[in-house]
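*Asks:* let me see the structure of the following:
(one chain, ligands or ions: 1)
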Amino acid sequence: MSNSVITSILHPLRIGKHIAQYPIVQGAMAVRVSGANLAGAVANAGGVGVIATLGIGLDSPYFDKRKRKSFFTANKLALIDELKKARNISPDGVIGVNILVATKDYAALAQTAAAQGANIIITGAGLPLSLPEYTVDYPDVALVPTVANVDSAQFLCQTWQSRYNRLPDALIVENCQMIGGHFTQCEQADTPGFSVATVISQLRDYLEKHIGVMIPLIVSGGICDRSDIDCMMQIGANGVQMGTRFITTLECDADPRYKERHLQAHATDVVTVPSPVGKPSRALGNLFTEQVMTDSSTLEGRCIANCLEVCLFRDKRKTYCLLQALSQAARGDVENGLIFSGTNVSNSKRMMSVAELMAELTRSPNISHEGDYKYSEVN
Ligand SMILES: Cc1cc2nc3c(=O)[nH]c(=O)nc-3n(C[C@H](O)[C@H](O)[C@H](O)COP(=O)(O)O)c2cc1C
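*Replies:* Numbers count the residues shown, from 1 in each chain. As a prediction, the model looks like this:
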């Protein structure tokens with residue numbers, strides 16, 4: 001991506017009852033890489049700011065490391081704190097909460113997020129077949145599942161329609177070839193004609209013919225600049241979700257060493273490693289990923305919070321403790337922790353504020369006399 005010119009005006013993104021000025025969703029990033037600071041700043045700048053809940057309570061005062069059970073209460077209380085903090089930063093912006101379906105406290109966190117004023121709940125790592133049940137008392141909370149292909153979108157829509165007479169307020173579509181963090185294996189993506197553009201067009205077709213409702217489609221993975229955004233709009237997306245590019249912002253909640261590691265990284269540093277959730281994941285290569293790929297039994301650590309419904313580490317002593325690996329990196333140990341990253345990592349050239357990044361991404365195109373597109377300073 002990233003070779004074309006600016007071709008479009010960006011339209012606001014409506015998700016359920018909530019309207020973001022720009023069609024840019026900041027991807028959730030665990031553990032505490034996207035907390036209140038980043039989410040609040042993005043919401044303030046006109047995008048959708050998203051708080052990641054995986055392990056949110058881990059380094060909070062609510063978690064007593066000697067009592068694993070306190071982890072779930074800690075997650076809830078820490079989420080309440082982060083939502084309040086984000087809302088203070090952005091009283092009127094659109095703020096979302098991301099919850100992994102694969103976690104044990106997914107239902108409790110969804111209820112908490114809805115009750116505590118999240119505008120949107122976005123889910124990852126699994127199909128949220130029962131999600132509407134958890135937010136039934138909060139009809140204004142928009143529900144946005146992440147899907148990898150048309151089959152999973154279809155199954156989800158059919159299930160929600162028959163069980164709850166409800167549809168998703170938007171769908172996030174993974175570009176499995178580029179996305180940072182977990183992704184659904186996509187062997188077919190290398191086959192000519194099978195790409196995120198194909199998935200978007202198949203989804204549009206399915207939604208038009210079988211559902212008859214316009215559901216916004218948001219592409220996630222590999223998007224780093226305005227021309228990428230325009231590309232996604234041209235293939236029929238209504239919005240984009242960007243994670244990696246937001247890591248190198250001043251407001252990102254991770255340790256400065258984590259951000260610095262991203263600034264220095266090249267595309268060739270990105271590797272695919274197995275994860276205890278049973279999916280492949282994309283990350284920056286380091287000592288940790290080398291150990292995972294050679295012999296993960298040499299890795300130190302234990303299951304610290306029993307957080308996942310199914311965990312290869314806890315159940316089979318395979319791979320590693322996801323929470324510990326992600327949080328270690330985010331707190332600055334960039335050799336011994338897991339640094340999720342998308343393939344576009346080398347496009348982050350310098351640290352900037354969220355406002356500056358959003359301005360760069362959203363400047364309006366003007367057509368010059370030569371017929372070239374040029375940025376305008378106003379929007
Ligand atoms: C450091 C990092 C952590 C992530 N954590 C989560 C997460 O907790 N939940 C989730 O659904 N997606 C997670 N993702 C995926 C992002 O939300 C987003 O979809 C992805 O970063 C988009 O691809 P890009 O990084 O190429 O922009 C993570 C990605 C990164 C880079």
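
*Asks:* what residues are up against the closest residue to Ala329 other than its chain neighbours?
*Replies:* With CB to CB, 6 or more residues apart in numbering as the criterion, Ala329 has its nearest non-adjacent residue at 2.7 Å, and that residue is Gly337. Where C-beta positions appear, they are placed from N, C-alpha and C, glycine not excepted. Neighbouring residues of Gly337 by CB atoms under 8 Å, 6 or more residues apart in numbering: 286, 288, 325-331.

*Asks:* kindly write the PyMOL command that selects the buried subset of those.
*Replies:* Selection of buried members from the contacts of Gly337 for PyMOL, criterion 16 or more other CB atoms under 10 Å:
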select buried, resi 286+288+325+326+327+328+329+330+331
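
*Asks:* among the contacts of Gly337, which are in strands?
*Replies:* Using DSSP state E, no member of the contacts of Gly337 falls in strands.

*Asks:* does the helix or strand hosting Leu38 reach the ligand?
*Replies:* Here Leu38 sits within helix 36-44, counting by DSSP states H and E. No - for a cut-off given as CB under 6 Å from any ligand atom, helix 36-44 has no contacts with the ligand; the smallest distance is 11.1 Å.

*Asks:* mean confidence (pLDDT) on the next helix or strand after that helix, please.
*Replies:* The helix or strand immediately downstream of helix 36-44 is strand 48-52, counting by DSSP H and E. Strand 48-52 comes out with an average pLDDT of 98.

*Asks:* from the contacts of Gly337, which is closest to Val144?
*Replies:* Leu326 (22.2 Å; CB to CB).

*Asks:* I'd like the distance between the closest one and the ligand.
*Replies:* 7 Å (CB to the nearest ligand atom, to the nearest Å).

*Asks:* show me what contacts that residue?
*Replies:* 30-31, 54-55, 337-338, 340.

*Asks:* what is the most widely separated pair among those residues?
*Replies:* Leu54 and Gly337 (14.2 Å).

*Asks:* got the CA coordinates for stretch 219-235 in PDB?
*Replies:* Output of stretch 219-235 as PDB, limited to C-alpha atoms (Å, rounded to 0.1, in the frame of the first residue of the first chain):
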ATOM      1  CA  VAL A 219     -10.700  -2.200   7.200                       C
ATOM      2  CA  SER A 220      -8.000  -3.000   9.700                       C
ATOM      3  CA  GLY A 221      -4.300  -3.800   8.900                       C
ATOM      4  CA  GLY A 222      -1.400  -2.100   7.100                       C
ATOM      5  CA  ILE A 223      -3.000   1.300   6.800                       C
ATOM      6  CA  CYS A 224      -0.400   4.000   7.600                       C
ATOM      7  CA  ASP A 225      -1.100   7.200   5.600                       C
ATOM      8  CA  ARG A 226      -3.700   9.100   3.700                       C
ATOM      9  CA  SER A 227      -3.200   7.300   0.500                       C
ATOM     10  CA  ASP A 228      -3.800   4.000   2.200                       C
ATOM     11  CA  ILE A 229      -7.000   5.400   3.700                       C
ATOM     12  CA  ASP A 230      -8.100   6.600   0.200                       C
ATOM     13  CA  CYS A 231      -7.300   3.100  -1.200                       C
ATOM     14  CA  MET A 232      -9.600   1.500   1.400                       C
ATOM     15  CA  MET A 233     -12.400   4.000   0.600                       C
ATOM     16  CA  GLN A 234     -12.000   3.200  -3.100                       C
ATOM     17  CA  ILE A 235     -12.500  -0.500  -2.500                       C
END
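
*Asks:* distance from it to the middle of the chain?
*Replies:* 15 Å (CA atoms, centre = their mean, to the nearest Å).
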